[in-house]
Every structure is written in C-alpha cells, then in structure tokens.
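Asks: Following is a predicted model, sequence given first.
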Amino acid sequence: MSNGKYKALWLEDRSLVVIDQTKLPFAYETKRLNTSEDAVNAISNMTVRGAGVIGNVGAFGVYLAAVESDGDLAKIEKLAAKIRVARPTAVNLAWAVDRMLRVIRNSQDVIDRARQEAIDITDEDVVNSQKIGEFGCEIIEKLAQAKHGETVNILTHCNAGWLAIADRGTALAPIYEAFDRGINIHVWVDETRPRNQGANLTT
C-alpha cells in the first residue's frame with residue numbers, strides 16, 4: 001500500500017508535495033500544494049509534467065478541493081472544473097477529475113473517499129507502469145539475445161520516466177527493467193522544445 005507516497009509526489013497530512021520540475025536538473029526543490037488553486041497552478045505552469053503525473057495531481061487536486069470545501073459537493077464541482085482545464089494535455093487530467101467526481105457524488109464521507117480515490121488512481125498508474133516495464137523489457141531481451149550480449153541501443157524522446165508517470169514511467173520503464181536484469185543497454189536521449197525535457201529530466 002502506497003499511502004499516497006510516490007517518487008514525484010506524496011501526501012503530507014492534508015497537503016500534496018510535488019517535485020518542482022522547472023528547477024531540475026540544477027536544483028531539487030519541492031512545492032507544497034494546500035489548495036485546489038495550488039494544484040491548478042502546478043499543472044498550468046509546468047511544475048509537474050507528464051500526462052500521468054498531471055492526472056495524478058489533478059486527482060489529488062479534487063481531494064484538496066474537498067478539504068477546502070469541507071465536503072460541499074457543489075463547491076467541489078466548481079473547483080474541479082478549473083482543475084480539469086488547467087492544461088491542454090493528454091486525456092489523463094480530464095479523465096482523473098471526472099472519475100474523482102463520479103466516485104465522490106455517491107459517497108457519504110466525501111473527503112476521505114476523495115483522498116482514497118486519488119491514491120487508487122495513482123496506485124493503478126504504478127502497477128500499469130510496472131507491467132509496461134516487464135512487457136517492454138521482453139523486447140529488449142530478445143534484441144540482446146540476437147546481438148549475443150552486445151549493447152542494445154535505445155532512443156527516447158521527451159520524458160516518460162518516473163517524473164512523468166508515477167514511480168516507473170512508461171517509455172523508460174522497460175529501460176529501468178532491462179538495467180535491473182543486467183542487460184547491456186545504451187540510451188540516446190533526444191529533445192523536445194521549448195522545455196528541453198530530454199536533457200533536463202530524462203538525462
């Protein structure tokens with residue numbers, strides 16, 4: 001059980017702490033999100049990046065909305081609408097917010113249920129990332145066997161590691177798994193602009 005603790009974000013009491021990705025790689029700083037507006041800002045100003053982590057922060061943002069609204073569903077829905085459109089990105093953000101609202105609408109204890117659902121969403125991402133790593137590594141293993149143990153070269157684009165998808169990443173998950181299995185790998189990291197996330201995050 002994660003209890004809401006992950007590599008890129010973690011719960012502390014009734015706050016969510018996130019790594020400030022705008023400061024990487026030259027400084028490691030965190031931000032404490034205490035309100036739904038803090039979550040909106042973290043998503044919109046790219047403090048957090050990557051579709052999965054954006055969705056996770058969106059889910060926890062709905063939890064923060066529940067706390068600040070003292071469980072008032074009408075207020076939560078109003079705040080959640082702002083979170084949902086905080087950044088145009090992959091489907092994860094809107095999907096997570098919508099799922100959170102569906103669950104808490106049918107709940108007696110809105111705040112506790114919102115907290116647990118946000119944890120459940122992020123835990124599911126962790127499990128899915130592990131599976132991506134395992135399945136993807138099977139391909140890398142076959143390549144390594146075909147090369148008789150010589151280096152397997154892999155090209156990545158942008159960032160899809162644990163800063164982007166909770167705890168293992170997506171595209172980087174098979175690379176981590178291959179490393180753990182002792183496969184000889186070399187990774188080329190290419191770029192995206194204007195944020196240079198390949199250099200600043202993946203590398």
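Replies: Yep, it's here. From a predicted model like this one, the values you see are computed outputs, not experimental measurements.
Asks: Now K7. Nearest residue, chain neighbours left out?
Replies: Nearest residue to K7, sequence neighbours excluded (C-beta to C-beta, 6 or more residues apart in numbering): W162, at 4.8 Å. Every C-beta, even on glycine, is put in place using the N, C-alpha and C of the backbone.
Asks: I'd like the distance between the one you found and L9.
Replies: When distances are taken as C-beta to C-beta, to the nearest Å, W162 and L9 turn out to be 10 Å apart.
Asks: what's near enough to touch the residue nearest in space to the middle of the chain?
Replies: The centroid of the chain falls nearest to V53 when counting by C-alpha atoms, centre = their mean (1.9 Å). The contact partners of V53, by C-beta atoms under 8 Å, 6 or more residues apart in numbering, come to 8-9, 163-166.
Asks: Tell me which stretches of this structure form strands.
Replies: 9-12, 15-19, 30-33, 152-157, 185-190 (DSSP state E).
Asks: Can you say which of these is nearest to P174?
Replies: Each of the strands of the chain was checked against P174 via C-beta to C-beta, and the shortest separation belongs to strand 152-157, namely 8.3 Å.
Asks: partners of that closest one, with directions?
Replies: The strands beside strand 152-157 in its sheet (DSSP bridges) come out as strand 185-190 (parallel).
Asks: now what about the partner strand, what contacts it?
Replies: In this structure, residues lying in contact with strand 185-190 by C-beta under 8 Å, 6+ apart are 140, 151-157, 175, 178-179, 198-199, 202-203.
Asks: farthest-separated two in those?
Replies: Every pair of the contacts of strand 185-190 checked by C-beta to C-beta; the farthest is I140 and A199, at 23.3 Å.
Asks: Following the record's annotation, map out the domains of this protein.
Replies: According to automatic domain parsing, the chain is divided into the following domains: 9-122, 127-202.
Asks: coming back round to it: out of the contacts of V53, who's the most crowded?
Replies: I165 (29 neighbours; other C-beta atoms under 10 Å).
Asks: A146 versus that residue, what's the distance?
Replies: 28 Å.
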